[in-house]
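[1] what's the 3D shape of this:
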Amino acid sequence: MEAPKRVLSSREKELYQQIHPTKLAIDIASFVVSTYIIWIHQLILGIMAGFIPAIVASVIVVTYANLEKYVASRLGRYVAKYMTRTMEALRFVGLFVSWGGAWYHTWWIIGVGILIVILAWLRGKITA
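    Take a look at the predicted model:
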């Protein structure tokens, strides 16, 4: 007999959707596209390109994807332990730093923003 499926809370769905492969791909693609659009000084369009696809993907993944399989995965355990609200906020800081670098056509600032995002993702590997 199969064990009953566990129902994820809203916070758990919000957490685990971040590591869904489709959601990650859309986040990365929208970062690249939005950064370029901001580079050419289309700020509102760039912000829209950065957030709208990510929000739509989040809603679709949370609503339709089977996120339960990520709970027991190695990556799922990692984000449950280390992807705190602070780290999520730090990822946003990195995004805005990169966008600022794009606006001013400064590659190294874009790189610093990307580094901030990567370090937020890798916090558990760095502090462990």
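
[2] CA only for contacts and neighbour counts going forward, please
    OK.

[3] Tell me how far stretch 90-98 lies from the chain's centre.
    Its chain's average C-alpha position is 11 Å from that of stretch 90-98, according to CA atoms, centre = their mean, to the nearest Å.

[4] what residues does that stretch touch?
    With CA atoms under 8 Å, 6 or more residues apart in numbering as the test, stretch 90-98 has contacts from 31, 35, 109-118, 120-121.

[5] now these: which count as buried?
    31, 35, 109-110, 112-117, 120-121 (16 or more other CA atoms under 10 Å).

[6] Helices - which of these land there?
    Mapping the buried ones among the contacts of stretch 90-98 onto helices (DSSP state H) picks out 31, 35, 109-110, 112-117, 120-121.

[7] Tell me the one of the buried ones among the contacts of stretch 90-98 nearest F51?
    The closest of these to F51 turns out to be F31 (CA to CA; 8.8 Å).

[8] residues contacting the closest residue to the closest one other than its chain neighbours?
    Leaving aside its chain neighbours, F31 sits nearest to G50 (5.7 Å; criterion: CA to CA, 6 or more residues apart in numbering). By CA under 8 Å, 6+ apart, the contact set of G50 is 27, 30-31, 33-35.
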